[in-house]
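Peer 1: Whatever this is, show me its structure:
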Amino acid sequence: MSILNRSLVVSDLDGTLLRNDETISEFSVSVIKKFISKGNIFCIATGRPTRAALKYYKQLGLNTIMANLNGGILVNPSDLAFSTVNLNFSKDILKYLFSNKSLVKNIGCVFVENVDGTYLVTDGTDEFVKWEFLSKFHIGENKEDFNLTLLKINEYEKITKDVNSILIYIKDKKRIDEVSFKIKGLTNTLVVRNWSLPNDLNGTVIEVNSIFSNKGTAVKFLSSYYTVPLSKTYSFGDGENDLDMLSKSNGFAMRNSSHTVKLLTSKITTQTNNDDGVATVSYTHLRAHETGAYIV
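Peer 2: Take a look at the predicted model:
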């Protein structure tokens, strides 16, 4: 296929390409591989760190750039010559968090990601919270495989590299606004989101990223890198962290998306993530267009 005719698809993982059991169906794998074989480009853009997305990257046989941590870091696991794009922010924010007594008293633990690895900063008094928190972010019994470092709150200065993502567990969800506003008050160029752990009725999680670290920026970078115009770039997602990506390209909200995402996106897949929503759109196209140009 001519470089002028090919298309780019960028897909989220959880709730989108992955089924609820965190697997990709054989049908989806085969359709995506056929889509790529026609000369098109397929990329992953996920909130997961690289370590938790790599097995899907390999399963799909990809050799493209992958956007992790909501676009905070872009890597190409198949090309060691590719220069990693690292949209991090200063580790000084950790000093603000852990030296502020009114914040610390509300914090159960803090999960920090940077190029050195992952860190869990905690007072160590609540084992349930600590390990429930880790399991949510794909670190279980084999935590040594993920370069995980456990630190006490007074040891946070051992994190010497700037950070890509900070996840803060707030023990009492009634304090969420107080903590969020304090972090937002530092600068208007940080993105602060919050969501809940599935098995915890009391606490909530605050996620902090740079404003430049988002999937919308990532999809524009991928469009530029692969010389595919945004008019031929298609994206799939189900969450509010996907909205910028969906708005910057021909975005499809998954059938299983929240009402907010569906209302703010012009296209919706006919199938959910459990029924191969991404692949169904691609398959419909491949049957109709022998050239493999992704036009919906």
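
Peer 1: which residues does Leu243 contact?
Peer 2: By Cβ atoms under 8 Å, 6 or more residues apart in numbering, the contact set of Leu243 is Gly237, Val261, Leu264, Thr265. For the C-beta atoms, the positions are set from N, CA and C on the backbone; glycine is no exception.

Peer 1: As JSON lines, those residues with secondary structure and distance to Tyr225 would be great.
Peer 2: Formatted as JSON lines, those follow (DSSP: H, G, I helix; E, B strand; the rest coil; distance: Cβ to Cβ, whole Å):
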{"residue": "Gly237", "secondary structure": "strand", "distance to Tyr225": "20"}
{"residue": "Val261", "secondary structure": "helix", "distance to Tyr225": "26"}
{"residue": "Leu264", "secondary structure": "coil", "distance to Tyr225": "26"}
{"residue": "Thr265", "secondary structure": "coil", "distance to Tyr225": "24"}
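
Peer 1: Show me the two of the residues you listed that sit farthest apart.
Peer 2: Gly237 and Leu264 (11.0 Å; Cβ to Cβ).

Peer 1: Sketch out the strands for this protein, chain order is fine.
Peer 2: 8-11, 41-44, 66-68, 73-75, 85-86, 107-114, 117-122, 148-151, 165-170, 190-195, 204-210, 233-237, 250-253, 267-268 (DSSP state E).

Peer 1: any idea which of these is most buried?
Peer 2: strand 233-237 (a mean of 29; mean count of other Cβ atoms under 10 Å).

Peer 1: Name the surrounding residues that touch that strand.
Peer 2: 7-12, 16-17, 45, 215, 219, 222-223, 242-243, 245-246, 248-254, 257, 261, 269, 277-278, 281, 294, 296.

Peer 1: Quickly run through the sheet partners of that strand, with directions.
Peer 2: strand 8-11 (parallel), strand 250-253 (parallel) (DSSP bridges).

Peer 1: Return the distance of the last one from the chain's centre.
Peer 2: From the chain centre to the centre of strand 250-253 is a distance of 16 Å (Cα atoms, centre = their mean, to the nearest Å).

Peer 1: Output it as PDB, nothing but the C-alphas.
Peer 2: Below are the C-alpha coordinates for strand 250-253, written out as PDB (Å, rounded to 0.1, in the frame of the first residue of the first chain):
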ATOM      1  CA  ASN A 250     -11.900  10.100  14.100                       C
ATOM      2  CA  GLY A 251     -12.800   8.900  17.500                       C
ATOM      3  CA  PHE A 252     -15.100   5.900  18.400                       C
ATOM      4  CA  ALA A 253     -16.500   5.600  21.900                       C
END
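
Peer 1: same question for it, mean pLDDT?
Peer 2: For strand 250-253, mean pLDDT rounds to 95.

Peer 1: Next, the residues that contact it from outside, please.
Peer 2: 230-231, 233-238, 242, 245-246, 261-262, 264-269, 277-278, 281, 296.

Peer 1: returning to what we had before: worst average pLDDT in the strands of the chain?
Peer 2: Looking at the strands of the chain, the bottom one is strand 190-195 with a mean of 82.

Peer 1: For it, name the packing helices and strands.
Peer 2: helix 176-184, strand 204-210 (3 or more Cβ pairs under 8 Å, 6 or more residues apart in numbering; DSSP states H and E).

Peer 1: Out of the helices and strands in the chain, which is least certain?
Peer 2: helix 127-136 (a mean of 68; mean pLDDT, DSSP states H and E).

Peer 1: Redo the strands paired with strand 233-237 as a markdown table? Include distance to Ile159.
Peer 2: Putting those into a markdown table (distance: least, Cβ to Cβ, whole Å) gives the following:
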| stretch | distance to Ile159 |
| --- | --- |
| strand 8-11 | 31 |
| strand 250-253 | 35 |
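
Peer 1: Stretch 27-45: which residues count as buried?
Peer 2: 28-29, 31-32, 35-36, 38, 40-45 (16 or more other Cβ atoms under 10 Å).

Peer 1: where in the chain is pLDDT low?
Peer 2: Scanning the chain for pLDDT under 70 picks out 1-3, 125-130, 136-146, 196-202, 285-296.

Peer 1: Can you tell me the centre-most residue of it?
Peer 2: The residue lying closest to the centre of the chain (Cα atoms, centre = their mean) is Gly47, at 1.2 Å.

Peer 1: separation between the nearest residue to that residue once chain neighbours are set aside and Asn63?
Peer 2: Excluding the flanking residues, the one nearest Gly47 by Cβ to Cβ, 6 or more residues apart in numbering is Asn70, at 4.8 Å. From Asn70 over to Asn63 the distance is 22 Å, taken as Cβ to Cβ, to the nearest Å.
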